[in-house]
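Asker: Here is a sequence with its predicted model. Questions after.
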Amino acid sequence: MQMLMQSQSTIVVSDHIEPNSSPDTIVLSPLEGKTGISIEQIQSLPGILSFAPVKDTHKVVILFPAHTMSLPAQQALLKILEEPPGNSQIVLVTPKPMLLLATIRSRCVLISTQYAGASTQVVDGEKMFREIAKATIGEKIELAEKYGKKDEALAMLEDLLLHLKNEIDQKPNKKLVSQIQLVSTAIHDVSGNVNVRLTLEDLFFKF
């Protein structure tokens, strides 16, 4: 996966990062024996980013997997994103961007990407929305079968939800609110122990 440099922080939707030997790139992941990135690790970022780049134009910190940050860690990160250090780039890599605070997502560029050999499909939320909206009943059943695997269904639903939230920011209406509620419920259900295909069918029929 190639990291894309932006003028602001970035969320990369992926479950994989490639090794990087640059002295200006640092990866923060859960410490050994821990399940998530801690608030102490996030609080260390200003110090890490205060040093000038050695080789590249930016100091880069990659948080992976970013969705494992605790709520206090995410809140600490939000303060950093509000006033990011100069000559720095913070990249949040996660296959589950909707588990990040909405205020974090709003301050980042979202990039959906896929590495060679990945099993999870990367879905364009806007394209998926249009496909569902114009699909016949038979086509909606086929779509539900296409995304019948739990991981693929969650990735698709998260991208669809992100698109709907972007749409409602621009043109709020009751139908979008209803669709956001439906997709949010589907994400919750698919995350549990349900029949993924039937859950998607029910969702698509209500669109």
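Answerer: The structure has been received and is ready for your questions.
Asker: list the helices and strands the strand ranked longest in the chain packs on?
Answerer: The strand that spans the most residues within the chain, counting by DSSP state E, is strand 88-94. Packing partners of strand 88-94 (3 or more CB pairs under 8 Å, 6 or more residues apart in numbering; DSSP states H and E): strand 10-13, strand 59-63, helix 71-82. Just so you know, the C-beta spots here come from the backbone N, C-alpha and C atoms, and that holds for glycine as well.
Asker: which stretch among the ones you listed comes nearest residue 40?
Answerer: Comparison of the helices and strands packed on strand 88-94 against residue 40 by CB to CB identifies helix 71-82 as nearest, at 8.5 Å.
Asker: Can you list the low-confidence ranges for the chain?
Answerer: 1-8, 19-20, 112-123 (pLDDT under 70).
Asker: Helices of that one, residue ranges please.
Answerer: Here the chain has its helices, by DSSP state H, at 39-43, 45-49, 71-82, 102-105, 125-134, 137-146, 150-170, 174-191, 196-206.
Asker: Any chance of a markdown table for these, columns distance to residue 63?
Answerer: Formatted as a markdown table, the helices of the chain follow (distance: least, CB to CB, whole Å):
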| stretch | distance to residue 63 |
| --- | --- |
| helix 39-43 | 8 |
| helix 45-49 | 9 |
| helix 71-82 | 8 |
| helix 102-105 | 10 |
| helix 125-134 | 22 |
| helix 137-146 | 31 |
| helix 150-170 | 18 |
| helix 174-191 | 22 |
| helix 196-206 | 29 |
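Asker: got the contact list for residue 145?
Answerer: Contact analysis of residue 145 by CB atoms under 8 Å, 6 or more residues apart in numbering lists residue 197.
Asker: measure it to residue 154 for me?
Answerer: 16 Å (CB to CB, to the nearest Å).
Asker: cool, residue 42 as well?
Answerer: 25 Å.
Asker: Same question for residue 181.
Answerer: Residue 181 is 17 Å from residue 154, by CB to CB.
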